[in-house]
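1. Provided below are the primary sequence and the corresponding predicted coordinates.
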Amino acid sequence: MTTEAHPHGPDTLCEAGGRLYARALREGRVPLRDAEQTPCLIDFELLLTDAEDTRWLRPVAPALALPRLLDTIEQDIAHQRRREARLADTFAPLMAITPGPRLPDAPSTITVLRGLPRIGEAVDRALKAATEEALCIQPGGTRPPEVLARSLASAQGLLSRGGRLRTLYQHTTRHSLPVLAYYERLQGDVEVRTLDELTERLFVFDRSVAFIPANKDRDVALELRHPALIDYLVTTFERLWRLATPMYPRSAKLPSGRGVTPRQHAIATLLVEGLTDAEIADRLGMNIRTARDHIAKLAATLGSGSRAQLGYLIGRSGILAHGPRGS
């Protein structure tokens with residue numbers, strides 16, 4: 001689908017956009033493919049992705065869309081007055097259209113965000129508006145330095161407002177110099193902990209808005225404002241947090257025992273589950289070469305000469321029953 005912007009604002013809808021929006025109001029929804037030539041309707045959020053079926057777009061009621069669009073031009077009062085008149089004229093015939101089925105009467109508590117730029121903008125906007133707390137789950141072994149640099153100012157803004165930042169990474173992040181340097185630059189109430197395995201990416205701000213991926217490629221996300229869903233996600237975060245090992249500002253050593261490191265213990269658990277080397281690496285946030293190195297060291301520790309024997313020796317050793325000491 002093309003995302004090239006139309007050379008006009010919402011106060012002068014193009015003819016094609018006006019026709020499609022009017023059709024969406026009458027029918028209640030339109031296929032996503034029908035909006036390929038009118039990206040303005042999505043850019044101006046007159047059509048939103050259907051949370052139940054992302055192949056469709058649903059219209060926002062004109063009575064809701066109109067004041068939201070007017071609000072975006074408050075910075076220039078004189079120019080705003082001229083645009084208000086044009087915008088009201090544009091929406092006048094649309095207000096007379098009888099709403100189609102399931103036209104929302106209030107903003108949705110679940111919004112589909114399509115495309116990495118739009119996801120990033122929404123997350124950054126929520127972080128800049130937060131005043132109390134940010135909870136983050138970041139799976140994977142590290143984060144690109146350029147991504148860390150872009151978020152630094154917004155994160156520091158929350159801390160400067162007296163807010164708190166708590167982040168969960170995987171254990172592999174403990175060796176990431178860019179991540180460690182990032183947190184050293186922040187000033188305020190910051191805590192970081194790590195686990196072997198984590199859920200998918202999660203951001204929760206002020207316990208009022210959350211963001212989660214909606215597909216495997218993470219280029220579609222859900223913005224959640226439903227209180228019950230957010231409470232569930234916060235509870236999940238808190239339980240993982242209690243199980244995690246502190247990494248910053250004070251780092252605690254990962255527990256070990258029986259000659260098997262915590263990383264090898266996690267790998268042993270996944271080996272017994274029958275996962276491949278690639279699947280183990282993905283689950284633990286490391287590259288496949290590192291995963292194979294740990295498997296080889298575990299095999300050497302247990303005296304295994306083959307993959308099949310390794311699984312048998314893991315079960316006989318009792319390391320899965322006892323776990324790493326101190327865990």
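-> Noted; the coordinates are in hand. Numbering: from 1, shown residues only.
2. can you tell me the helix or strand for Leu158?
-> Using DSSP states H and E, Leu158 sits within helix 145-160.
3. how close does Gly17 get to Leu64?
-> Separation of Gly17 from Leu64 (Cβ to Cβ, to the nearest Å): 17 Å. From N, CA and C alone the C-beta is placed, and that goes for glycine too.
4. how close does the residue nearest to Ile230 when sequence neighbours are not counted get to Arg250?
-> Leaving aside its chain neighbours, Ile230 sits nearest to Ala210 (5.2 Å; criterion: Cβ to Cβ, 6 or more residues apart in numbering). Distance of Ala210 to Arg250, given as Cβ to Cβ: 28 Å.
5. Check Thr12 too.
-> Thr12 is 58 Å from Arg250, by Cβ to Cβ.
6. who's more crowded, the two?
-> Thr12 (16 against 7; other Cβ atoms under 10 Å).
7. Would you agree the more buried one is in contact with Phe91?
-> No. The criterion here is Cβ atoms under 8 Å, and Thr12 misses it with Phe91 at 11.9 Å.
8. what helices or strands is whatever helix or strand Ala63 lives in leaning on?
-> Using DSSP H and E, Ala63 falls within helix 62-71. If you count contacts as 3 or more Cβ pairs under 8 Å, 6 or more residues apart in numbering; DSSP states H and E, helix 62-71 packs onto helix 77-95.
9. Give me the angle between the helix or strand just after the helix holding Leu158 and helix 145-160.
-> Using DSSP H and E, the helix or strand that follows helix 145-160 in sequence is strand 164-170. Here the directions of strand 164-170 and helix 145-160 differ by 150 degrees (axes from the mean of the first three to the mean of the last three Cα atoms, to 10 degrees).
10. who does strand 164-170 touch, helix- and strand-wise?
-> By 3+ Cβ pairs under 8 Å, 6+ apart, strand 164-170 packs against strand 133-138, helix 145-160, strand 189-195, helix 227-243.
11. and it with strand 189-195, angle?
-> 20 degrees.
12. Within the sheet, what are the partner strands of strand 164-170, with directions?
-> strand 133-138 (parallel), strand 189-195 (parallel) (DSSP bridges).
13. who wins for proximity to Gly115 among those?
-> When these are compared by Cβ to Cβ, strand 133-138 sits nearest Gly115, at 20.3 Å.
14. Quick one: residues in contact with the closest one.
-> Strand 133-138 is contacted from outside by 127, 155, 158, 163-169, 173, 198-207, 234, 237, 240, using Cβ atoms under 8 Å, 6 or more residues apart in numbering.
15. Weed out the non-buried ones from these.
-> For those, a burial check counting by 16 or more other Cβ atoms under 10 Å picks out 127, 155, 158, 163, 165-169, 173, 198, 201-206, 234, 237, 240.
16. List the contacts of the residue positioned nearest the centre of the chain.
-> Nearest residue to the geometric centre of the chain (Cα atoms, centre = their mean): Ile212, 3.9 Å. Contacts for Ile212 (Cβ under 8 Å, 6+ apart) come out as 200-202, 221-222, 224, 233.
17. pretty sure it is in a strand, no?
-> Yes. Under DSSP: H, G, I helix; E, B strand; the rest coil, Ile212 sits within a strand.
18. mind checking which of the helices and strands packed on strand 164-170 is nearest Pro31?
-> When the helices and strands packed on strand 164-170 are compared by Cβ to Cβ, helix 227-243 sits nearest Pro31, at 27.5 Å.
19. can you list the residues that contact the following helix or strand past that closest one?
-> Next along the chain after helix 227-243, taking DSSP H and E as the criterion, comes strand 245-248. Residues outside strand 245-248 that contact it (Cβ under 8 Å, 6+ apart): 169, 171, 173-174, 180, 183, 190-195, 252, 254-255.
20. CA atoms only: put strand 245-248 into PDB for me.
-> Output of strand 245-248 as PDB, limited to C-alpha atoms (Å, rounded to 0.1, in the frame of the first residue of the first chain):
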ATOM      1  CA  THR A 245      18.300 -10.300  38.500                       C
ATOM      2  CA  PRO A 246      19.300  -6.600  39.100                       C
ATOM      3  CA  MET A 247      21.700  -5.200  36.400                       C
ATOM      4  CA  TYR A 248      21.500  -1.400  37.000                       C
END
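21. Given it, what are its sheet partners and their directions?
-> Assessed with DSSP bridges, strand 245-248 is paired to strand 189-195 (antiparallel).
22. Which secondary structure elements does the helix holding Leu158 sit against?
-> helix 116-129, strand 164-170, helix 177-185.
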